[in-house]
Structures are given as C-alpha cells and as structure tokens.
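1. With the sequence up front, the predicted model follows.
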Amino acid sequence: MDDSSPPESIDNTKEKKKSRRPANTAFRQQRLKAWQPILTPKTVIPLFFVIGIICAPIGGLLIYASSTVKELRIDYTDCFRDSPTDEAKLMDTSLIFPSFKDNNTINAMWQHSLTNQTYGNYLVQNLTKCTLTFAIPEEMAPPVLLYYRLENFYQNHRRYVQSFFDKQLAGDDVSLVDVSNSNCEPLATTNGTHPNSRAYYPCGLIANSLFNDTFQSPIFLNPPDSNGSESNETYVMKNTSISWESDKELYKPRVSNDYTKIVPPPNWQIRYPDGNYSTENPPPNLHEDEHFIVWMRTAGLPTFSKLYMRNDTSPMRIGTYSMDIIDNFRTDQYQGRKSIVITTLSVMGGKNNFLGILWLVVGGFCIVLALVFLVTNLIKPRKLGDHTYLSWNNAPSSAAAKGKGKASGPTIARDGRVGMV
C-alpha cells in the first residue's frame, strides 16, 4: 500500500465555495424587457386635457346624484334637559338640518317625559322619553332609512377597536381564564380570575358602549284617508336587514345555558333584574341582534352614522310626523352630539358631496395645468434633446472618448447590441 497517495476523503470533503451571486436569469439580473415613456409636450398636454375632460363631468354627475337624496337630520342631544315636559316647544333651527329639493325651511318641536320600557320580559321604569315632531315637505321614495349619527365618538381608538373576544361572540363556551386573557380588559371579568368572578357577556369596551337609545317608528299625524277622516298612521320601519350578511355569520348564540358564570356588561345591567342574566331574562341572541352587529363594526372617523331602521316598500308621504325616542345614551358625558337622520338613496348611495368635489378638483386641476403648459410651450418653447442618448448600451467612439467631437450615429457595441454613439 502506497502511503504517499493523498487520502480519498480530501476530494470528497472539500466544500464548494459559497457565493451570494444571484442566478444568471433575466429576472434576477434585471434584463427583462421594459418600456419607459418619454414625456414631451406633445404627449403631456393632451393627456392632461383628456384626464380633465373625463374627471370633471364625472364629478358633476356625482354631485347631481348626491343632490337628489332627500334627507332630514335633527340633533336631539339636549332633549332630556332643554325640552319642556308639559307641551312641545319649537327647537332651535341650528339643530335642524334639512336637505330637500324645494323646501329647506322646516320647523321641529320636542318635549320629554318619563316612561316605562319593556326589555324582553323585564319592565324598566322612569326612563326619559324624547318626543320629536317634524315635517316632511317632500315625499321620500323607498327605501327610506333611519340612521343615528354620533359626533366626537372615537371608535377608532386602538385599545377600543381591539376590545372584544371573537370566540365568545361566536357562541363558544369559553372559560373564565380564556375571557380574562383576552383583549377585553378592562371589561373582561368582574374580579379578575377570582373564584367568585364572572365573565362579562359580551365582554369588551365596544359591547359595553353599545348605542342604547330606542327609536320607535314615526307616526304620521292626522293623514286624510279616502273618506276624508283623519287618524294617526304608523309609518312602519323594520329592524332587520340593517347589517351585512357576512357580519352576521361572525356572531352566534351561546351554546351553554349556564348563566351563573356570566353577567351583562355594566351599561347593559339596567335592562336585567338585579343586573343578572336568568332563564326568564336570558342574554341576547347575538346572531339576530342586528343593532349590536352594526355597532360592533367600528367606524374609522369620530363622526359617523349607523343604520337603525328602514322601510323598503312604502314612501314617506308629505306631512307631520311624531317620533318617540327612549333617551339612554348620554353623549354630553364625553362632549359629543347625537342626531337622527331620515334619508333616501341615490344610484351612488347616500348623500355625500365629497367624492364629486374630489373628481371636480382633480379634473379642474388637470385642465389648468394643461393650459399653463400649453401657453408656456407656445410663448417660450424649449428645444428637446435627442432621447436616443438615454440608451444604456452606447459604445463610445474614439473621438467622443477623447472629448474631440460629438457622437455620431448608431453603432454596434462589443456585446453585439445596437446603441447610439
């Protein structure tokens, strides 16, 4: 055996030299075909004119569509304090925001009183009822929508948005520890993980702050019938079909009937005997509680409107209406405002001029720029350079390399590609 021969393992164990070089492909080496436009006055000026001519009419159509929406908004924030109790009084015109085609001078009246309200099987006494009386000057074609509008309510706060427990809302029988460890803090349980503690259902800040004013359907006062007699008529509005079907699938009723481990959120407890759930007064079926589902879809701005009721079949006729509101949600505690909004729809949705104004501004801005560029180009034109010099594949000539002359015509570079020199 020849000991002088190198061991066989030397060649096998020799490691390949590592390299960070990308693979030699068109994508990795940035050799893919690309097109980059050369912006000249002949292309830029017509382009700005075309964009302006397209955007401006679209903006006008959007504003026109928004103007066809009939809407009445009434701010009733201070009804519990400023309205009388004996007889209705005219509201300040600064609290009334009509938007109709011909008549935008509308008076409204308000008054408040104490009333009783039944929640499920439980009667709650001495609640404040605000009664609004208002006129509808023009017939509102269906669908007629009733919204509540809140101002200065920040549903977009980071901690507020995250304060819910999805498994609990989906109906799962979650434990006290699960709720305590969720994002619902500080409204997860009554006493942390203490043995006598109970979980809030539904837990979290969003659920606890649920808008809990109760709106009754408007009553048409003394409409004449075919016989000439007069009697009040209820304009029936329904509480269904106000939420997205995709949202409804996120909420399910509880699978457990054990109510000893859960308790209503603090702001809900007035609606239940002794502030507790029971067999006679069980927790709500969240899958069918569309007001709750609408509220849980948090708004991105501090002023927002959420749908409360709707009528998809009957028009709201011209006349005087009365509407009762159980006033539980006090916005004055956080310096906010609240209103009711009765509105119709257009082909572009609700009343909102912002999108139309935006299109008009963009169109007008483009036309102004096009005119400025056109006048500038006519008064003081600028000679354009030869864009062929922008090629990356130019092979410099000997004269150009020495700085003794200008580049000539096209030539073939060393790599075989055609360029300009």
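-> Nice, I can see it.

2. Would you mind giving the secondary structure of the closest residue to Y277 other than its chain neighbours?
-> Computed as CB to CB, 6 or more residues apart in numbering, the closest residue to Y277 that is not its neighbour in sequence is Y259, at 4.1 Å. To be clear about C-beta, it is placed using only N, CA and C from the backbone, and glycine gets the same treatment. Secondary structure for Y259, judged by DSSP: H, G, I helix; E, B strand; the rest coil, is coil.

3. From the structure, what's the count of residues near Y259?
-> 17 (other CB atoms under 10 Å).

4. how much space between it and T43?
-> 72 Å (CB to CB, to the nearest Å).

5. which phi and psi does the closest residue to L32 other than its chain neighbours have?
-> Leaving aside its chain neighbours, L32 sits nearest to A26 (5.3 Å; criterion: CB to CB, 6+ apart). Dihedral angles of A26 (phi, psi; degrees, to the nearest 10) stand at phi -60, psi -40.

6. Look at A26 and say how many residues are nearby.
-> A26 - counted by other CB under 10 Å - has 9 other residues nearby.

7. what do you get for G60?
-> Around G60 there are 14 other residues, counting by other CB under 10 Å.

8. contacting residues for it?
-> 356, 360 (CB atoms under 8 Å, 6 or more residues apart in numbering).

9. Burial check on L384, number of neighbours?
-> L384: 10 neighbours (other CB under 10 Å).

10. hang on, the earlier thing: if I look at the residue nearest to Y277, how far off is S278?
-> For Y259 relative to S278 (CB to CB), the value is 6 Å.

11. any idea which element the closest residue to P37 other than its chain neighbours lies in?
-> Leaving out its chain neighbours, the residue that sits closest to P37 by CB to CB, 6+ apart is T43, at 7.2 Å. Element membership for T43, per DSSP states H and E: helix 41-67.

12. Does anything pack onto the very next helix or strand once past that helix? Which helices or strands?
-> The helix or strand immediately downstream of helix 41-67 is strand 71-75, counting by DSSP H and E. When contacts are defined as 3 or more CB pairs under 8 Å, 6 or more residues apart in numbering; DSSP states H and E, strand 71-75 packs onto strand 96-99, strand 122-136, strand 337-343.

13. pLDDT (mean, whole number) over the helix holding T43?
-> Over the span of helix 41-67, the pLDDT mean works out to 94.

14. Repeat that for stretch 115-129.
-> 93.

15. now G364: how far from P253?
-> For G364, the distance to P253 (CB to CB) stands at 54 Å.

16. So for the spatially closest residue to N183 that is not a sequence neighbour, what's the pLDDT?
-> Once flanking residues are discounted, N183 sits nearest to Q162: 4.7 Å by CB to CB, 6+ apart. We have a pLDDT of 95 for Q162.

17. What does Q162 show for phi and psi?
-> Dihedral angles (degrees, to the nearest 10) for Q162: phi -90, psi 0.

18. measure it to T115 for me?
-> 37 Å.

19. Can you classify T240 as helix, strand or coil?
-> Under three-state DSSP, T240 comes out as coil.

20. scratch that, M309 is what I was asking about
-> strand.

21. what sits opposite it in the beta ladder?
-> L146 (DSSP bridges).

22. what about it, how many residues close to it?
-> 21.

23. and stretch 359-366, how far out from the chain's middle?
-> 25 Å (CA atoms, centre = their mean, to the nearest Å).

24. Give the buried residues for that stretch.
-> By 16 or more other CB atoms under 10 Å, the buried positions in stretch 359-366 come out as 359-360, 362-363, 366.

25. okay if I get the residues you listed as JSON lines plus secondary structure, distance to S99 and pLDDT?
-> Formatted as JSON lines, the buried residues of stretch 359-366 follow (DSSP: H, G, I helix; E, B strand; the rest coil; distance: CB to CB, whole Å; pLDDT from 0 to 100):
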{"residue": "W359", "secondary structure": "helix", "distance to S99": "21", "pLDDT": "96"}
{"residue": "L360", "secondary structure": "helix", "distance to S99": "19", "pLDDT": "96"}
{"residue": "V362", "secondary structure": "helix", "distance to S99": "25", "pLDDT": "96"}
{"residue": "G363", "secondary structure": "helix", "distance to S99": "25", "pLDDT": "96"}
{"residue": "C366", "secondary structure": "helix", "distance to S99": "30", "pLDDT": "96"}
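
26. Which single one of those residues is nearest to V294?
-> The closest of the buried residues of stretch 359-366 to V294 turns out to be W359 (CB to CB; 29.4 Å).

27. mind listing what the residue nearest to that closest one when sequence neighbours are not counted touches?
-> Nearest residue to W359, sequence neighbours excluded (CB to CB, 6+ apart): G59, at 3.1 Å. Going by CB under 8 Å, 6+ apart, G59 touches 356-363.

28. Can you tell me how far G59 is from T331?
-> G59 is 35 Å from T331, by CB to CB.

29. Also L205?
-> In terms of CB to CB, L205 sits 16 Å off from T331.

30. same deal with S182?
-> Counting by CB to CB - S182 and T331 are separated by 28 Å.

31. again with N103
-> N103 is 29 Å from T331, by CB to CB.

32. Looking at the two, which is more packed in?
-> Legend: neighbour count by other CB under 10 Å for N103 and T331, higher for T331 (19 against 12).

33. Not counting its neighbours along the chain, what's nearest the more buried one?
-> With sequence-adjacent residues excluded and distances taken as CB to CB, 6+ apart, T331 is closest to K338, at 4.8 Å.

34. got the buried residues for stretch 316-332?
-> Buried residues in stretch 316-332 (16+ other CB under 10 Å): 316, 319-329, 331.

35. what's the span of it, first residue to last?
-> End-to-end distance of stretch 316-332 (CA to CA, to the nearest Å): 31 Å.

36. Off-centre distance for that stretch?
-> 25 Å.

37. tell me the average confidence for that stretch?
-> Mean predicted lDDT for stretch 316-332 stands at 94.

38. Ok, stretch 280-295 next?
-> 94.

39. just to revisit the earlier point, most packed of the helices and strands packed on strand 71-75?
-> Highest mean neighbour count among these (mean count of other CB atoms under 10 Å): strand 337-343, with a mean of 21.

40. partners of it in the sheet?
-> In the sheet containing strand 337-343, its partner strands are strand 71-75 (antiparallel), strand 144-151 (antiparallel), by DSSP bridges.

41. Switch those strands over to a markdown table; also include distance to G349 and mean pLDDT.
-> Output for the strands paired with strand 337-343, formatted as a markdown table (distance: least, CB to CB, whole Å; pLDDT from 0 to 100):
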| stretch | distance to G349 | mean pLDDT |
| --- | --- | --- |
| strand 71-75 | 12 | 97 |
| strand 144-151 | 11 | 97 |
